[in-house]
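# how does the following fold in three dimensions:
(one chain, ligands or ions: 4)
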Amino acid sequence: MAKLNFGGTEETVVTREEFPLSKAQEILKNETVAVIGYGVQGPGQALNQKDNGINVIVGQRKNSKTWDKAVRDGFVPGETLFEIEEALERGTVICYLLSDAAQIELWPTVKKHLTAGKALYFSHGFGITFKEQTGIIPPADVDVFLVAPKGSGTSLRRMFLEGRGLNSSFAIFQDATGRAFERVISLGIAVGSGYLFETDFRKEVFSDLTGERGTLMGCIQGIFAAQYEVLRSKGHSPSESFNETVEELTQSLMPLVAENGMDWMYANCSTTAQRGALDWWKKFRDATKPVFEELYESVATGKESQRSIDSNSQPDYRVKLDAELAELRDSEMWQSGKTVRSLRPENQVVEA
Ligand SMILES: NC(=O)c1ccc[n+]([C@@H]2O[C@H](COP(=O)([O-])OP(=O)(O)OC[C@H]3O[C@@H](n4cnc5c(N)ncnc54)[C@H](O)[C@@H]3O)[C@@H](O)[C@H]2O)c1
Ligand SMILES: CC(C)(O)[C@@H](O)C(=O)O
Ligand SMILES: [Mg+2]
Ligand SMILES: [Mg+2]
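Numbering: from 1, shown residues only. Ligands and ions are numbered 1, 2, ... in the order given. Down below sits the predicted model:
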């Protein structure tokens with residue numbers, strides 16, 4: 001494992017170069033990897049493993065849309081696609097990729113099939129860390145570890161097809177066989193990770209829940225909405241407000257940040273913009289920091305996990321989520337965005 005310096009702190013990272021796919025294939029050659037669940041991570045991880053030559057099967061409820069999707073994706077009923085319980089029986093590695101709330105419901109069935117020497121794989125520290133809420137306590141004679149891709153399963157698959165890998169965290173909770181490390185790293189490479197960063201279950205779930213509620217998803221929408229609403233209230237048009245809040249960020253400036261950092265993006269803007277950004281960023285940091293403190297506390301005390309379990313366990317949770325997503329989609333800001341996006345060259349309808 002490589003030791004790399006992250007801004008003054010040394011950390012352990014596993015790279016594809018030091019742990020090539022051929023090594024992962026060799027280590028996993030006698031394993032049957034059962035991917036349970038075919039939602040967002042399921043397809044990305046199962047397809048990448050299939051393309052990487054791993055013996056992978058999918059376990060999914062029959063007569064469901066996702067069963068049909070698995071068939072369309074090339075998994076063959078009775079050969080590589082099974083009802084969940086049969087896949088659990090056949091798998092030597094169980095990739096538990098149901099939604100975090102659904103993992104609770106199915107746990108007694110999964111546990112039944114976790115015979116000695118098998119491995120239980122998660123993509124989140126949720127179930128194990130919040131065991132008082134989930135009841136997920138694995139038997140002592142199985143390996144338990146996680147590979148958590150730091151991005152959507154959709155990106156995991158897209159980046160794999162582009163020949164790139166997505167960064168993932170990995171952690172070992174229980175090493176019953178003495179092979180947990182080689183198994184987890186092999187699986188991490190096989191599912192399409194570029195680099196594997198070491199963590200533990202608790203840190204993974206605390207940082208992940210904070211990130212998605214914070215800058216990655218919750219906070220970003222909140223900041224967009226706040227600026228858009230102020231611009232609109234001062235008489236700016238929807239298109240001007242949207243362009244100045246979202247479109248320029250995603251299309252022009254964030255790619256520069258991704259390429260070479262914030263100072264590089266700043267340096268490619270006017271000195272007027274740089275002066276203003278350098279003057280204002282700390283004020284925004286100070287204004288939002290108490291909210292981040294509150295958020296972390298809510299994660300650490302188990303309030304966020306309980307809320308997720310309570311809402312996602314209801315039979316109509318999908319309908320409710322869809323309604324909330326529709327509210328976002330139908331807001332003036334995102335409707336303006338739809339029109340702005342339609343003007344991009346790739347979205348122009350070419351007349352015959
Ligand atoms: N979505 C992501 O891109 C992403 C990224 C990193 C980690 N993760 C983690 O990966 C895991 C899977 O997440 P996901 O977003 O792919 O899940 P998901 O919400 O898409 O659900 C996965 C599957 O669970 C099935 N399911 C739901 N309820 C069920 C039940 N009661 N019985 C049987 N099947 C049921 C669904 O049909 C679906 O196929 C979670 O631990 C999540 O935190 C997800
Ligand atoms: C893709 C995310 C946000 O990183 C993941 O954590 C999830 O829960 O879907
Ligand atoms: Mg998450
Ligand atoms: Mg995440």
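
# can you tell me the element the residue of the stretch 251-352 of the chain found nearest ligand 3 falls in?
Closest approach between the stretch 251-352 of the chain and ligand 3, counting by C-beta to the ion: residue 308, at 9.6 Å. C-betas here are computed from N, CA, C, even on glycine. Using DSSP states H and E, residue 308 maps to helix 303-312.

# ok, residue 327 next?
Under the criterion of DSSP H and E, residue 327 resides in helix 317-330.

# so that helix versus helix 303-312, what angle?
Relative orientation of helix 317-330 and helix 303-312, computed by axes from the mean of the first three to the mean of the last three C-alpha atoms, to 10 degrees: 110 degrees.

# find the closest residue to ligand 2 in the stretch 1-150 of the chain.
residue 150 (6.1 Å; C-beta to the nearest ligand atom).

# count of residues packed around that residue?
18 (other C-beta atoms under 10 Å).

# double-check it against residue 166; I have them as touching.
Yes: Residue 150 lies in contact with residue 166 (C-beta atoms under 8 Å); the separation is 6.6 Å.

# can you tell me the SS state at residue 195?
Remark: residue 195 carries the secondary structure label strand [criterion: DSSP: H, G, I helix; E, B strand; the rest coil].

# is it in a bridge, and if so with what?
residue 15 (DSSP bridges).

# with residue 121 instead?
residue 95, residue 145.

# what's the neighbour count on the residue of the stretch 251-352 of the chain closest to ligand 3?
Neighbours of residue 308 using other C-beta under 10 Å come to 17.

# flag every residue of the stretch 151-300 of the chain that's near ligand 3.
208, 212 (C-beta under 5 Å from the ion).

# how about the strands in the stretch 151-300 of the chain?
Assigned by DSSP state E, counting those that start in this stretch, the strands in the stretch 151-300 of the chain fall at 166-174, 193-198.

# what's the closest of the ones you listed to residue 348?
strand 166-174 (30.3 Å; C-beta to C-beta).

# how about the closest one as PDB, C-alpha atoms only?
C-alpha atoms of strand 166-174 as PDB (Å, rounded to 0.1, in the frame of the first residue of the first chain):
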ATOM      1  CA  LEU A 166     -13.900   6.200  -9.100                       C
ATOM      2  CA  ASN A 167     -12.300   6.700  -5.700                       C
ATOM      3  CA  SER A 168     -13.600   4.300  -3.000                       C
ATOM      4  CA  SER A 169     -13.200   4.000   0.700                       C
ATOM      5  CA  PHE A 170     -12.500   0.500   2.100                       C
ATOM      6  CA  ALA A 171     -12.700  -0.800   5.700                       C
ATOM      7  CA  ILE A 172     -12.500  -4.200   7.400                       C
ATOM      8  CA  PHE A 173     -14.800  -4.700  10.400                       C
ATOM      9  CA  GLN A 174     -14.100  -8.400  10.900                       C
END
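
# orientation of that strand relative to strand 193-198 in degrees?
Using the same axes, to 10 degrees: strand 166-174 against strand 193-198 is 40 degrees.

# wait, residue 139 touches residue 111, no?
Yes: using C-beta under 8 Å as the test, residue 139 is close enough to residue 111 to be in contact (7.0 Å).

# list the contacts of residue 348.
Applying C-beta atoms under 8 Å, 6 or more residues apart in numbering to residue 348 gives the contacts residue 342.

# wait, residue 202
125, 129.

# where does the stretch 51-200 of the chain dip in pLDDT?
Scanning the stretch 51-200 of the chain for pLDDT under 70 picks out nothing.

# before we move on, the earlier item: got phi/psi on the residue of the stretch 1-150 of the chain closest to ligand 2?
phi -90, psi 70 (degrees, to the nearest 10).

# show me what the helix holding residue 308 is packed against.
helix 100-112, helix 131-134, helix 201-213 (3 or more C-beta pairs under 8 Å, 6 or more residues apart in numbering; DSSP states H and E).

# angle of the last one against strand 193-198?
Okay, so that is helix 201-213. Using the same axes, to 10 degrees, helix 201-213 lies at 120 degrees relative to strand 193-198.
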